[in-house]
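J.: can you look at this prediction? I've put the sequence above it.
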Number of protein chains: 2
Amino acid sequence: MLGQTRNTMGVVVELNDGAVRVKNPTLRDVAQLAGVSIATASKALNGRDHVHPETRTRVHEAARLISFTPNALAQGLIAGQTGTVGLITGDLDGRFSIPILMGAEDAFGTGKMSVFLCDARGDAIREQYHLQALLSRRVDGLIVVGSTTNPRPSLGSDLPIPVVYAYAPSLDASDISLVADNEQAGSDAAAHLVKRGRIRIAHITGDAGYLAATDRATGVEIELARSGLTLVGGEARYGSWTEDWGRRATQQLLAEHPDVDAILCGSDQIARGALDILREAGKIVPDEIAVMGFDNWEIFTSGARPALTSVDMNLETLGRAAARRLFAAIDGDHSGGIQKLPCRVVVRETT
Amino acid sequence: MLGQTRNTMGVVVELNDGAVRVKNPTLRDVAQLAGVSIATASKALNGRDHVHPETRTRVHEAARLISFTPNALAQGLIAGQTGTVGLITGDLDGRFSIPILMGAEDAFGTGKMSVFLCDARGDAIREQYHLQALLSRRVDGLIVVGSTTNPRPSLGSDLPIPVVYAYAPSLDASDISLVADNEQAGSDAAAHLVKRGRIRIAHITGDAGYLAATDRATGVEIELARSGLTLVGGEARYGSWTEDWGRRATQQLLAEHPDVDAILCGSDQIARGALDILREAGKIVPDEIAVMGFDNWEIFTSGARPALTSVDMNLETLGRAAARRLFAAIDGDHSGGIQKLPCRVVVRETT
DNA sequence: AAACTTTCCGAAAAGGTTTTCGCCACCCTA
DNA sequence: TAGGGTGGCGAAAACCTTTTCGGAAAGTTT
């Protein structure tokens, strides 16, 4: 039985110091080696009933000997389920995709799913191309991760598999979308500052074209109003998400309102810029003025002097939630809508 | 022919304002709709010969009508090639993996390959688990991306598919490894400073347990020796890859060697710390003292005052090269060894 | 008109696995 | 001993596509 070749493929069976080598080990090889039929081998390996214990061990031993690995393609072909999902991201270097992707990969990994990663680079054509490839590979579902929080076009409502949109919601309300609650994040941040006794609070934030900026600002103003407060200068200061803008805006702010006692920054980078200027201006943080950022990007918050209080958008949790939501959709839960996930304030030394 | 159900599955064919809907469109449905055999439909769609032009268009039209998508699983089963590769990364939040991953994804994407992403989180058990899953899915090859530049254990030499190690080389010299040339990077950086007329150069770098640190330091010393120079203080100053270490080390350096005219930092973060201290000490950069980092992490280099000169390790290029090397290995090129890829100095305002 | 070539198409096998169904042998009971 | 139940196993279909090979029909040449 050993030392023979099979007629169907150029498969070579060798005997080598007790170890058997087969080129492309298939279930048939296992069955042959164990002296049983293919069906029995399958049942034995998959723990199905009606297999004699001794036969089962013999099959397992044979499989181990030739290091048999079941062909997931053939399994998927039969089952109509592949155990794979597609993860389409707007742009990978956008640092917000990464934690979401990590969370999703984590949730899928423990669920025995494999993840196809596709980077569309913000290009609709490339996205369509990747979509087609994923459909061809019969993924069981899709997660679409946006590069900004702004709503994005739907992939289409007539897809044969469920789709979950993460970070950037779909424009189609019947799609399933999971986003970070930026308005709540703004409110939480403002509430934290108010609780710390700050009453002259300024808000320096990024590009007004980003909903993340305007939503957070809205949340801030709502929360301040709850305490009878308004933003210093009357409104949020929009600019860009850079340290440089943080520095320039802070200089201007100090010139216009020297009595400001807290700066809520739209990102950790902006906050870093603000901290730089405050240090140069001789303002003691947090005694004289508090500073706070968003995103809780550890590389910026822990390197800051003093360590920066920030709002974590819980993106990894968002990714995990998206994965779980996709599982539910695969299992038949087709309820759509936008679900907003909470964030959390991470208190360090600047507040 | 329309409006019927097939006996094999619960497939429903409907006629709907000129559009035909089939639940799980298969080649057989296309053939049936076009009034030809399955074989002819396959040939027509794949552009093979011996199909009448009119028949071909009829088949294409039928495929379009029911939005037929060929099943890549079945194709892979026949071809013995799946057109997929696995990308096993040590840890995703390690920011060095991301550009490599982007480069690889880019190269694969244009090559019509789909990428399975697996995050082993630095855990050998999880890595083995993912490896098994990928083998089961019959990927055509693997790329293993390390989280540091330190050599790592081989996945094994008896795998049925080729493996390329990127960033962290394999300990097994017969494996294929692609890494950034850290020693060359150190030399290039030192050469740049020397060319700028600096002669009292210090090197503040990260954890000595990282080969990236020691290799770069070696390259620096070799290049300095070429000009008859040595490091200020006689040797590199090892610490951690943080801004805080950059600050502390710079303070100490200024105290010991006030005449230093260049600080070569092992990372952009360390350089940011150095710049902070120099600014506070009233030293003008780059007039009185030059500063330089490694990694060219744009978020740090462009936010710095002044903008930071840095060495880009070309990680995205490394990822692309790894993908191409894997293609070659899949096509039969089995030559192993460690290949070192060049880096580049990105000059900004601090030198 | 016969023989031949060309053109187009269809039947069937192959790829690896799972599952259903039927068969056989054995054990137990009457 | 006959009948019935059951545990263990194998044959075969099914999933979907590609490819090979043979056959049929049409056109071309002697």
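T.: Received it, and whenever you're ready, just let me know what you need.

J.: check which helices and strands the helix or strand harbouring residue A:78 sits against.
T.: Residue A:78 belongs to helix A:72-79 when elements are defined using DSSP states H and E. Applying 3 or more Cβ pairs under 8 Å, 6 or more residues apart in numbering or on different chains; DSSP states H and E, we find helix A:72-79 packed against helix B:72-79. Quick note: C-beta positions are derived from backbone N, CA and C, even for glycine.

J.: any part of the helix it packs on near DNA strand D?
T.: Yes: against DNA strand D, helix B:72-79 shows contacts by Cβ under 7 Å from any atom of the strand at B:74, B:75, B:77, B:78, B:79.

J.: give me the pLDDT for residue A:110.
T.: On the pLDDT scale, residue A:110 is placed at 79.

J.: what does residue A:341 give?
T.: 98.

J.: with the one 5 residues further on instead?
T.: Residue A:346 is assigned 98 on the pLDDT scale.

J.: could you pull up the residues touching it?
T.: By Cβ atoms under 8 Å, 6 or more residues apart in numbering or on different chains, the contact set of residue A:346 is A:296, A:301, A:309, A:310, A:311, A:312.

J.: neighbour-wise, which of the residues you listed leads?
T.: The residue in the contacts of residue A:346 with the most neighbours, by other Cβ atoms under 10 Å in any protein chain shown, is residue A:310 (29 neighbours).

J.: just the C-alphas of the host helix or strand of it, formatted as PDB.
T.: Assessed by DSSP H and E, residue A:310 sits inside strand A:309-312. Output of strand A:309-312 as PDB, limited to C-alpha atoms (Å, rounded to 0.1, in the frame of the first residue of the first chain):
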ATOM      1  CA  THR A 309      -5.700  63.900  28.800                       C
ATOM      2  CA  SER A 310      -7.600  62.700  25.700                       C
ATOM      3  CA  VAL A 311     -10.800  61.200  24.500                       C
ATOM      4  CA  ASP A 312     -10.400  57.600  23.200                       C
END
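
J.: name every strand pairing with it and say which way it goes.
T.: Strand A:309-312 pairs in its sheet with strand A:290-294 (parallel), strand A:344-346 (antiparallel), by DSSP bridges.

J.: the residue nearest in space to the middle of chain A and DNA strand C, how far apart?
T.: In chain A, the residue lying closest to the centroid (Cα atoms, centre = their mean) is residue A:100, at 1.3 Å. As defined by Cβ to the nearest atom of the strand, to the nearest Å, residue A:100 lies at a distance of 33 Å from DNA strand C.

J.: same check, this time on residue A:222
T.: 54 Å.

J.: what's near enough to touch the nearest residue in space to that residue that is not next to it in sequence?
T.: Nearest residue to residue A:222 in three dimensions, chain neighbours excluded: residue A:187, at 6.0 Å (Cβ to Cβ, 6 or more residues apart in numbering or on different chains). By Cβ under 8 Å, 6+ apart, the contact list for residue A:187 reads A:219, A:220, A:222, A:223.

J.: buried ones in whichever strand or helix holds residue A:187, by neighbour count?
T.: Residue A:187 is located in helix A:182-195, with elements delineated by DSSP H and E. Under the neighbour-count criterion of 16 or more other Cβ atoms under 10 Å in any protein chain shown, helix A:182-195 has A:182-194 buried.

J.: just stretch A:149-167 next, same as before
T.: Buried residues in stretch A:149-167, counted by 16+ other Cβ under 10 Å: A:149, A:151, A:152, A:154, A:155, A:161, A:162, A:163, A:164, A:165, A:166, A:167.

J.: and the residues of helix B:72-79 next to DNA strand D, which is closest to residue A:88?
T.: residue B:75 (21.8 Å; Cβ to Cβ).

J.: and DNA strand C, which of the residues of helix B:72-79 next to DNA strand D reach it?
T.: Contacts with DNA strand C within these, counted by Cβ under 7 Å from any atom of the strand: B:74, B:77, B:78.

J.: surely residue A:164 and residue A:320 touch.
T.: No: assessed by Cβ atoms under 8 Å, residue A:164 is found out of contact with residue A:320, at 11.7 Å.
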